[in-house]
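1. sequence? don't have it. structure:
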């Protein structure tokens, strides 16, 4: 009996050792992304858990940060060779391309070919391709435009406008009824940047807007003044919600569904913040055309998952990207955030408001990724804050042009 007992103990410790070796053999991979909502966090957590259940060789963990912290944390990590993050959320545009050219992002063209991503992402491939190589997995994109209160429009016999004159008439009617025509939030100033971007796109086109935000055209160009003058006119007529300086983009939302404001120029990510009982009374229309000679370009920021070059687990990280590329995974993640999946194999969205918001993208002549994403860091973030300030003090356009030129000079040094 003693011999048997000792033999059992030996076998037990051998089994424990083998089990420990299996656990130790798991390769750790960490992903760091943004957290747009609590629902998104729950969905993301569930998908990470599913990955770990389906893969015995990788231990995937995650970190989700708020927008205010994420960018600085990611940038610091990308400049730290000892950073332990293996996958980041990134954004198509100037900053992404610059990081690739600086050698901070690992190419994934081998994974692209292996997984036949051309079959899923052919329409968006260009956005992650630099010098004929792919550097990221398209994860989400989302349309911008006007969300409006249907019952309020009905009350005043208003219809979604197609032209700028129709839009201005709506603003006039609502203002005369002591209702703010436009909801605005500049405590988080990116909604202000969206107004500059859309007016610029509608007045001068995509090529000018892209070259301007990249720093290749001076802000002293007369077309910039024309854009700011158009925006100043709307502000001075009192068409924007008062007290926007104290409102974040989320805190401003209730003014829309409480009929304190008629329209809100914002991205579809806001859908995850609208109470279910309010959604039926919210509609959507694209930013109206101003100049009929200018095609209709749209703001549609694209989110990307990428692997930083300093990752110690590149092969394992690529396996994680393959997981997130699966249509059902992409669908779950994007529906939790009010985003659209760029995967052509994804199912049609079942949210009527998101579907309505996305339809105009099909007829778009081209896309802008958003002001700060199209811009170098020197002008993107500081420029966004400058445009937020413009909504409170729009009188001196020369001041803003000069300030933008100071920022642009930092790029050219």
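-> Arrived safely. Nothing here was measured: the structure is a model prediction, and the numbers come from that model.
2. in this structure residue 244 contacts residue 251, no?
-> No. The criterion here is C-beta atoms under 8 Å, and residue 244 misses it with residue 251 at 9.9 Å. To be clear about C-beta, it is placed using only N, CA and C from the backbone, and glycine gets the same treatment.
3. overlap in contacts of these two?
-> By C-beta atoms under 8 Å, 6 or more residues apart in numbering, residue 244 and residue 251 have these common neighbours: 185, 187.
4. more neighbours, the two?
-> residue 244 (25 against 13; other C-beta atoms under 10 Å).
5. need the nearest residue in space to the more buried one, chain neighbours excluded.
-> residue 184 (4.0 Å; C-beta to C-beta, 6 or more residues apart in numbering).
6. can you count the residues close to that neighbour?
-> 26.
7. ok so it is a strand residue?
-> No. Residue 184: not assigned to a strand; according to DSSP: H, G, I helix; E, B strand; the rest coil it is coil.
8. which residues are in contact with it?
-> Applying C-beta under 8 Å, 6+ apart, we find residue 184 in contact with 191, 192, 240, 241, 244, 247, 252, 391.
9. also residue 278?
-> So residue 278 contacts residue 257 (C-beta under 8 Å, 6+ apart).
10. which helix or strand contains it?
-> For residue 278, the host element (DSSP states H and E) is helix 276-279.
11. and what of residue 39?
-> helix 38-54.
12. for residue 265, see how far away the residue nearest to residue 244 is.
-> To residue 265, residue 184 is 8 Å away according to C-beta to C-beta, to the nearest Å.
13. how about residue 28?
-> Residue 28 is 42 Å from residue 265, by C-beta to C-beta.
14. where in the chain is pLDDT low?
-> The chain contains residues with pLDDT under 70 at 1-24, 68, 412-413.
15. grab the nearest non-local neighbour of the residue nearest the centre of it.
-> In the chain, the residue lying closest to the centroid (C-alpha atoms, centre = their mean) is residue 301, at 4.9 Å. In space, and not counting its chain neighbours, residue 301 is closest to residue 370: 4.6 Å by C-beta to C-beta, 6+ apart.
16. again, but for residue 338
-> residue 271 (3.5 Å).
17. check contacts around the one you found.
-> With C-beta under 8 Å, 6+ apart, residue 271 has these contacts: 279, 338, 351, 353, 354, 357.
18. compare these and tell me which is most surrounded.
-> residue 357 (28 neighbours).
19. can you confirm that residue is in a helix?
-> Yes. Using three-state DSSP, the secondary structure at residue 357 is a helix.
20. quick revisit: which parts of the helix holding residue 39 are buried?
-> For helix 38-54, burial by neighbour count (16 or more other C-beta atoms under 10 Å) applies to 40, 43, 44, 47, 48, 51.
21. ok, those residues vs residue 378, which is closest?
-> Nearest to residue 378, judged by C-beta to C-beta, of the buried residues of helix 38-54 is residue 40 at 30.4 Å.
22. touching, the closest one and residue 338? I think so.
-> No. At 9.1 Å, residue 40 does not count as touching residue 338 under the criterion of C-beta under 8 Å.
23. sorry, back to before: name the next helix or strand following the helix holding residue 39 along the chain.
-> strand 58-65.
24. what are the contacting residues of stretch 221-237?
-> Contacts for stretch 221-237 (C-beta under 8 Å, 6+ apart): 171, 175, 182, 195-196, 199-200, 203-204, 208, 212, 240, 390-391, 394-395, 397, 400-401, 404.
25. in helices only, show me these.
-> 171, 175, 195-196, 199-200, 203-204, 208, 212, 390, 397, 400-401, 404 (DSSP state H).
26. and those residues, which are buried?
-> For the ones in helices among the contacts of stretch 221-237, buried by 16+ other C-beta under 10 Å: 171, 175, 195-196, 199-200, 203-204, 208, 212, 390, 397, 400-401, 404.
27. for the protein, which segments count as strands?
-> Using DSSP state E, the strands of the chain run over 27-34, 58-65, 87-91, 129-130, 133-134, 137-141, 144-149, 180-182, 261-267, 282-285, 298-299, 302-306, 367-368.
28. tell me which of these sits nearest to residue 160.
-> strand 282-285 (3.6 Å).
29. if we go by neighbour counts, what in stretch 216-223 is buried?
-> 217, 219, 223.
30. wait, what's in contact with the first one?
-> Spelled out, that is residue 217. Residue 217 makes contacts with 208, 211, as judged by C-beta under 8 Å, 6+ apart.
31. residue ranges for the helices of the stretch 201-350 of the chain, please.
-> Secondary structure of the stretch 201-350 of the chain by DSSP state H, counting those that start in this stretch: the helices cover 206-213, 222-236, 254-257, 276-279, 314-325, 327-335.
32. give me the buried positions along the fifth one.
-> Which is helix 314-325. In helix 314-325, counting by 16+ other C-beta under 10 Å, buried: 314, 316, 317, 318, 319, 320, 321, 322, 323, 324, 325.
33. switch those over to TSV; also include distance to residue 89.
-> Below are the buried residues of helix 314-325 laid out as TSV (distance: C-beta to C-beta, whole Å):
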residue	distance to residue 89
314	17
316	18
317	13
318	16
319	18
320	13
321	12
322	17
323	15
324	11
325	15
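34. from the residues you listed, pick the one nearest residue 148.
-> Of all these, residue 324 has the smallest distance to residue 148: 33.6 Å, by C-beta to C-beta.
35. residues contacting that closest one?
-> Residue 324 touches 47, 137, 139, 305, 330, 333, counting by C-beta under 8 Å, 6+ apart.
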